[in-house]
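>>> Structure for this input, please:
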Amino acid sequence: MRRSRKFYGEDVMALADESVFQKEVIEQLGGEIKSSLSSKTTFLLAGENAGPSKLTKAENLSIVVLSEDEFRQMII
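Residues are numbered from 1 along each chain as shown. The predicted structure follows:
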């Protein structure tokens, strides 16, 4: 079975409180995990404890912020 490449070519930042599983899934789906936000970042995977400064920066850079539920829906 061929795996989907839903994150192919996308830069994704997963905040520290996100699970290793989610990071591995993003990489398996073609995404690249980044340690900081930039104009090249496509998605910010933010959990319940996401800090307001990261969320504000993501908004200012027009980065799509995904909750854990939204992430799960994306990978189905």
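>>> out of everything not next to it in sequence, what's closest to Leu45?
The spatial neighbour of Leu45 that comes closest, neighbours along the chain excluded (Cβ to Cβ, 6 or more residues apart in numbering), is Ala14 at 4.2 Å. (Each C-beta comes from the backbone N, C-alpha and C, glycine too.)
>>> For this structure, which segments are assigned as strands?
Assigned by DSSP state E, the strands in the chain fall at 11-14, 32-34, 41-45, 64-66.
>>> Can you convert those strands into a markdown table and add a column each for mean pLDDT?
Formatted as a markdown table, the strands of the chain follow (pLDDT from 0 to 100):
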| stretch | mean pLDDT |
| --- | --- |
| strand 11-14 | 88 |
| strand 32-34 | 91 |
| strand 41-45 | 93 |
| strand 64-66 | 93 |
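>>> now those strands as CSV including mean neighbour count?
As requested, the strands of the chain are exported to CSV (neighbours: other Cβ atoms under 10 Å):
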stretch, mean neighbour count
strand 11-14, 22
strand 32-34, 16
strand 41-45, 21
strand 64-66, 16
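>>> Quick one: closest of these to Gln73.
Among the strands of the chain, the nearest to Gln73 by Cβ to Cβ is strand 64-66 (9.0 Å).
>>> Can you list the strands that the closest one pairs with?
strand 41-45 (parallel) (DSSP bridges).
>>> Please enumerate residues in contact with the strand it pairs with?
7, 10-15, 18, 22, 26, 31, 34, 37, 50, 54-55, 58, 61, 63-66, 68, 71 (Cβ atoms under 8 Å, 6 or more residues apart in numbering).
>>> ok now it, how far from the chain's centre?
On the basis of Cα atoms, centre = their mean, to the nearest Å, strand 41-45 sits 4 Å off its chain's mean C-alpha point.
>>> and the strands of the chain as CSV, adding distance to Ile75?
Shown next, in CSV, are the strands of the chain (distance: least, Cβ to Cβ, whole Å):
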stretch, distance to Ile75
strand 11-14, 12
strand 32-34, 15
strand 41-45, 11
strand 64-66, 10
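>>> I'm done for today, thanks for sticking with me.
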